[in-house]
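Okay, here's the prediction I keep looking at, along with the sequence it came from:
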Amino acid sequence: MRSIWNGAISFGLVSIPIKLVNATENHSISFRQIHLEDGGRIRYRKVCELEEKEVPGTEIGKGYEEADGSIIPITEDDLSQLPIPTARTIEIVAFVPADRIDPLQMDTAYYLSANGVPAAKPYTLLREALKRSQKVAIAKFALRGRERLGMLRVVDDVIAMHGLLWPDEIRAPEDVAPDTQVTVRDAELDLADALMDTLGEVDLDSLHDDYREAVEEMIAAKVSGGGAEEAPSAPAAEGGGKVIDLMAALESSVRAAKEARGASGASGASDVAEVTHLASRSRTPKKQTTAKKTATAKKSEPAKKSTGAKKSTTAKKTASSPKKQAASAKKSTSTATTKKTTGKKAAPRKRASA
C-alpha cells in the first residue's frame, strides 16, 4: 500500500519513524456528467472572473474571503511559517479507555507502518503497551495543511489511527428528539426485545452492497449490447403521519424474523425467543365474542334443564328403591311357590302317561 504521509510518533522521549497508509477504500461507482443530446462529456473549467478566461493549475493559489467579499491572498510561505509542532509528528498527549471516545468523533482510519528496521523495536513496544493497558492513545498531528486529532489503537499486530473530529465540531442534538410526550408500555418493550433476540447477531463480513452489484450488472449488460433487466418496482413509500398498530407490527416482525431464520437454517435456532401473543384490545372483536358467548349460553340452557330433570328423576328413583326392593322380594317368593306347586302337579301326569 502506498503511504500518504511520512513522519514519526512522539511517545515521550521515544521517536518512532512511521508511514501513514489509508486503511479504507471507497468502492462506490462514480458517474460523469454528459450532454443528453449527443453524449458529450461535461467538464468544469476554472475561469478567472476578472479576465473571463480559463486558468491553469500552476496559476491558482489560495485566498481567504472576508465578510464584505474581499479576498486576502494566502501563500504557502505564510502557512509554513506557522508554529505547528505536529507538522511531521504524531504527538501522543494522553492514554484513555476506549469507551471515553464518542463514536460521533471518529473519522478517516489509517494504518501506521514502521518506517525502517530501527523503528521495529519502539513500534512493537508501543503496540504491546497499548494491548496490555487496554487503552487508546490520543494524539495530535498535521495533515493536508491543518492540525488534527487522532486515536491510536491496536488492530491485530498493527497500530491503527482514527482521525477524530475536534469536540467543537460535534453538533448538539437540539430539536432532534420527538417533541411529543410518548409512553412505551412494557408489553411493547418485551416484543421489541424478542425481535432483537430473534434477529440475533450478524457476521459483518457477510454484508455487502447490493445496490453497487446491481449497478455493475446493469453497466455490464449495456456494454455487452443487451438491455438491462427491468427490476421489480419497489413498493411506494407510505406518507408520514399514519397511525400504526405498534403491537401488531412488532408481532409480525418477530414472526417474519423467525420464518427467515428457519428458512436460512441458521445455527442457534433454539436460542430464538418465544413470544406470547397478547389478546387483541380492539373493541369490535370484543362485541362479537360477547355475542357468541350469549348465544352459546342460550343454547345450553335447555340442556341444563334436562340435566336437572334427569337428576330429579334419579333422586326419586333412589328414594323409592326400598319399596321396590320389598315388592321384588315378594314377587320372587310367590314365583318360587308357584314353581314348586306346578312341579308337584306335573309329576302325577308323567306317571299316568307312563
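Thanks, I have the structure now. Because the structure is predicted, anything quoted here is derived from the model rather than measured. Numbering: from 1, shown residues only.

Which of the helices or strands spans Glu217?
According to DSSP states H and E, Glu217 maps onto helix 210-223.

next SSE after that helix?
Next helix or strand after helix 210-223 toward the C-terminus (DSSP H and E): helix 246-264.

and that following helix, what does it pack onto?
helix 186-199 (3 or more C-beta pairs under 8 Å, 6 or more residues apart in numbering; DSSP states H and E). C-beta coordinates here come from the backbone N, C-alpha and C atoms, glycine included.

Was I right to think Ile74 contacts Gly63?
Yes. Ile74 is in contact with Gly63 according to C-beta atoms under 8 Å; the separation is 6.0 Å.

Tell me how many other residues surround the nearest residue to Lys62 once chain neighbours are set aside.
Nearest residue to Lys62 in three dimensions, chain neighbours excluded: Ile74, at 4.6 Å (C-beta to C-beta, 6 or more residues apart in numbering). Other residues within reach of Ile74, judged by other C-beta atoms under 10 Å, total 12.

How about the one 3 residues further on?
Residues near Asp77, counting by other C-beta under 10 Å, number 7.

tell me the pLDDT at it?
Looking at Asp77, its pLDDT stands at 85.

same check, this time on Gly262
The pLDDT attached to Gly262 in the predicted structure is 73.

Distance of it relative to Ile60?
Distance of Gly262 to Ile60, computed by C-beta to C-beta, to the nearest Å: 62 Å.

May I have the phi/psi pair for the residue nearest to Lys62?
Dihedral angles of Ile74 (phi, psi; degrees, to the nearest 10) stand at phi -120, psi 120.

Next one, pLDDT for it please.
Listed pLDDT for Ile74 reads 91.

who touches it in this structure?
61-64 (C-beta atoms under 8 Å, 6 or more residues apart in numbering).

could you dump those to JSON lines with distance to Lys140?
As requested, these are exported to JSON lines (distance: C-beta to C-beta, whole Å):
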{"residue": "Gly61", "distance to Lys140": "27"}
{"residue": "Lys62", "distance to Lys140": "23"}
{"residue": "Gly63", "distance to Lys140": "27"}
{"residue": "Tyr64", "distance to Lys140": "24"}
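
Now, of these, which are buried?
Taking 16 or more other C-beta atoms under 10 Å as the criterion, nothing in the contacts of Ile74 is buried.

I'd like to know which of the residues you listed are part of strands.
Of those, the ones assigned to strands by DSSP state E are 62-64.

Of those, which is the nearest to Ala119?
Within the ones in strands among the contacts of Ile74, the smallest distance to Ala119 is 34.2 Å, found for Lys62 (C-beta to C-beta).

re the thing from before, dump the contacts of Ile74 to a markdown table, plus pLDDT.
Output for the contacts of Ile74, formatted as a markdown table (pLDDT from 0 to 100):
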| residue | pLDDT |
| --- | --- |
| Gly61 | 93 |
| Lys62 | 92 |
| Gly63 | 94 |
| Tyr64 | 93 |
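
residue ranges with poor pLDDT in the stretch 101-250 of the chain?
226-244 (pLDDT under 70).

If we use 50, what do you get?
The stretch 101-250 of the chain contains residues with pLDDT under 50 at 239-241.

quick one: Val155 from Ser253, how far?
From Val155 over to Ser253 the distance is 35 Å, taken as C-beta to C-beta.

These two: which is more packed in?
A direct count of neighbours by other C-beta under 10 Å for Val155 and Ser253 places Ser253 higher, at 16 against 11.

gap between the closest residue in space to that one that isn't next to it in sequence and Ala248?
Leaving aside its sequence neighbours, Ser253 sits nearest to Leu195 (C-beta to C-beta, 6+ apart; 5.2 Å). To Ala248, Leu195 is 13 Å away according to C-beta to C-beta.

Which of those two has more residues huddled nearby?
Legend: neighbour count by other C-beta under 10 Å for Leu195 and Ala248, higher for Leu195 (21 against 13).

Just to check, Ala94 is in contact with Lys135?
No. Ala94 is not in contact with Lys135 according to C-beta under 8 Å; the separation is 9.2 Å.

And for Leu112, the neighbour number?
By the criterion of other C-beta under 10 Å, Leu112 has 24 neighbours.

Can you list the buried residues in the one helix or strand it maps to?
Using DSSP H and E, Leu112 sits in strand 106-114. Neighbour counts over strand 106-114 (16+ other C-beta under 10 Å) mark 109-114 as buried.

what does it contact?
Residues from elsewhere that reach strand 106-114 (C-beta under 8 Å, 6+ apart): 1, 3, 9, 16-24, 90, 120, 123, 151-152, 155, 158-165.
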